[in-house]
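**Student:** quick one, what's the 3D model for this:
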Amino acid sequence: MALRRRSGQRFEANAWPGFVDAMTALLLVLMFVLSIFMIVQFILSDVITGQDSELTELGEQVADLSEALGLERARAANLGQQVRELGNQRDAQATLIATLNRRTEQLDARVASFEEQVAGLLSRNADLEGALSGAQDTIAAITDERSALETALATARTEIDEAAEQARLAAARREALQGLLDEMRTEAATRETSLARTLAALETSEGQTADLTARVDELEGALSEEEAARLAEAAAAQALQNRLAEAETRLSDEEAARLTEAAAAEALRARLQDADAELTAMTLALEEQRRAAEETLTLLAAAESASDDLDARLALALAERDEALAGRDSAQDETESLNARLAEALSRLERVESDASSRTEAEARIAQLEAELAALRRDAGSSEEVQARLASALADRLALEAANDDLRDELANALANQARSQEQAASALTAQQRADALLSTAREELARTEGAREEARREAALLNRQVAELRAQLGELNGLLEASEARDAENRVEITALGSRLNTALAQAAAEERRARELEEAERRRLEQEAERLERYASEFFGQLREVLGDREGVEIVGDRFVFSSEVLFDPGAAQLRPEGRAQVAQVADVILDVADEIPPGIDWVLRVDGHTDDIPLNPGARYADNWELSQARALSVVRFMTDELGVPPSRLAPTGFAEFRPVAFGDTAEARARNRRIELKLTER
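**Tutor:** Just a heads-up that it's a prediction; the model follows:
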């Protein structure tokens, strides 16, 4: 029994050192785990801080890129506005060119018409110059004849003074004078024919023919009046000299017209200078646009260089991102490897736990291995140390397997200490749970880090897309600028061509204006002459009408018109001429026919027959619907009577009806309405 007591004391004394060793090992494991946790937390905090700073930098870069993108979009909008303005200017220039082309065609047509008129006027001028030359020759011949007549008159005077002394020679002188008179008659007939041709060509020499005829008649009447005949010849010569003076005056007028043309040419030169100034202004404007385009190209080049800089910075950021992703992948690989090794270690631990005799030491070793595993999980970058520790764990496992036999011997002691071992196992499980919690926290931190990296990748992709869009917009802007430069070149060529065409058109316009002024001046002179002649014939026409109709009742002369009362010509409400009206219209037609023979064919005259009524409406059911039809029917009745029965040419008559809308007397009295019912005749030009 003493031996048993000693043996039990020995066993009880040996249990305490193992417990102390286990507690020491557990404390060491806890300290090691805490140190590993602190180190891993410090490393992760540093990594997170660095990633936050990187994200801040990336955010600043994104803001810079967004600002650059806004600037580029604003520049693109400005360039688009400039392109639209250039397009509008091109359209305006095309419209101007089309307008100038149409105007040039119109001017060409007018020039052709004016050239034809000028050709006709030049031909007429040549005829007039030929007639003037013939008239000058005739004047010279008349001057020679006058000298011969003066000589003959002097001889006749001498002969008349010596008549008393030379009575026997009187008969011979009479015969000589009779022969001379016959010769003068022949010469006078010849001169009359020549002067008739000359006066017909000049259209204004009729008075001269009458003077010469009178002079010849006076010479034929009596030789005693030879002095008076000489004076008549002198008067005729003076008339011819006056006509020559008129011709010189006309030449002076032509010289004034030439001076007017010179002034017009000077004004045209001023207009050409103004056109040159406008072309210069247009050229300057195009040059300004070209400079603006060059500045735009410079800005685009700067934007492209900035885009290249951004591309480089983005490439650097992407490289750093790729490196971070590679580091993350390597860390993931190492984590997976550690997980695999952990699983293997756990399987080995399970096999060790099957051995109940070594449970205490195995659980202690498990706690130590789990602590080391937690440390290994937190320290993903130290792979070599993990491998060393795993190798150490494998060696320990082998040592444990070798010590299994020894542990079987100490099974009894282990059963005695089972309760304490279970408590230690519970505490070890609590430590393992804490390690698992720390591991889950680290994994959450890693997941957040991965989320931040994924967001950074998305932002980088967005930046890449924005940069690609910027490059596409820059390409489009470059294309638009190239197209704009091509259009500018085409516009410059068109402006050059337009300037040459404009100079040609201005020169043609100047020539056309000069010809137009010449033609207008000639036409004005012709119209003035025709108006004077028509006025003269109209005066003659109205003078004869005054002699014929001036004292008749119902006929009134108002200015250049003859006014017939409708009561004299027509019955009330009718348009058929009464017999008294026919007689008065027949007298007017006789005067027209007499005067028409004297009016030259070049005057396009016409006799207007205007019908007027009062303001009283016609009765319902009347032959004519209103006063318009009645006034037109009365004017047409007068015209048809003059053409059908009196032989007046229809082309010289113009019937017109004015109804009650051109009264000569205002009011509702019977006298005023009677004055408004009338037929007016007026000789005018078509």
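
**Student:** helix or strand with the lowest mean pLDDT in this protein?
**Tutor:** helix 206-221 (a mean of 53; mean pLDDT, DSSP states H and E).

**Student:** quick one: low-confidence parts of the stretch 451-600 of the chain?
**Tutor:** Applying pLDDT under 70 to the stretch 451-600 of the chain flags the ranges 452, 456, 460, 467, 474, 484, 530-555, 558-560.

**Student:** strands of that one, start to end?
**Tutor:** 555-558, 561-565 (DSSP state E, counting those that start in this stretch).

**Student:** pick the most buried one from those.
**Tutor:** Among the strands of the stretch 451-600 of the chain, strand 561-565 has the highest mean neighbour count (mean count of other CB atoms under 10 Å), at a mean of 19. For glycine as for every other residue, the C-beta is placed from the backbone atoms N, C-alpha and C.

**Student:** that one pairs with which strands?
**Tutor:** strand 555-558 (antiparallel), strand 678-685 (antiparallel) (DSSP bridges).

**Student:** and those: which comes nearest residue 482?
**Tutor:** strand 678-685 (66.8 Å; CB to CB).

**Student:** and the closest one, what's buried?
**Tutor:** Neighbour counts over strand 678-685 (16 or more other CB atoms under 10 Å) mark 678, 679, 680, 681, 682, 683 as buried.

**Student:** nearest to residue 521, of those residues?
**Tutor:** Once CB to CB is applied, the member of the buried residues of strand 678-685 that ends up nearest residue 521 is residue 683, at 26.9 Å.

**Student:** okay, that closest one and residue 662: tell me how far apart.
**Tutor:** Residue 683 sits at a distance of 19 Å from residue 662 (criterion: CB to CB, to the nearest Å).

**Student:** next: residue 589.
**Tutor:** As judged by CB to CB, residue 589 and residue 662 stand 25 Å apart.

**Student:** residue 101: how many residues sit nearby?
**Tutor:** Around residue 101 there are 13 other residues, counting by other CB atoms under 10 Å.

**Student:** now swap in residue 604 and tell me
**Tutor:** Quick note: residue 604 (other CB under 10 Å) scores 12 neighbours.

**Student:** could you pull up phi and psi at it?
**Tutor:** Main-chain torsions, residue 604, degrees, to the nearest 10: phi -90, psi 80.

**Student:** part of a strand, is residue 665?
**Tutor:** No: read with DSSP: H, G, I helix; E, B strand; the rest coil, residue 665 is coil and lies in no strand.

**Student:** quick one on the thing from earlier: residue 589 and residue 662: which has the busier surroundings?
**Tutor:** The neighbour comparison of residue 589 against residue 662 (other CB under 10 Å) goes to residue 589, with 20 against 12.

**Student:** not counting sequence-adjacent ones, nearest residue to that one?
**Tutor:** residue 646 (3.9 Å; CB to CB, 6 or more residues apart in numbering).

**Student:** could you do residue 73 as well?
**Tutor:** residue 473 is the one closest to residue 73 (CB to CB, 6+ apart), at 7.7 Å.

**Student:** what about the one you found, neighbour count?
**Tutor:** For residue 473, the neighbour count with other CB under 10 Å is 17.

**Student:** same deal with residue 623?
**Tutor:** 11.

**Student:** before we move on, what about residue 36?
**Tutor:** Neighbour tally, residue 36, other CB under 10 Å: 20.

**Student:** nothing else from me, thank you.
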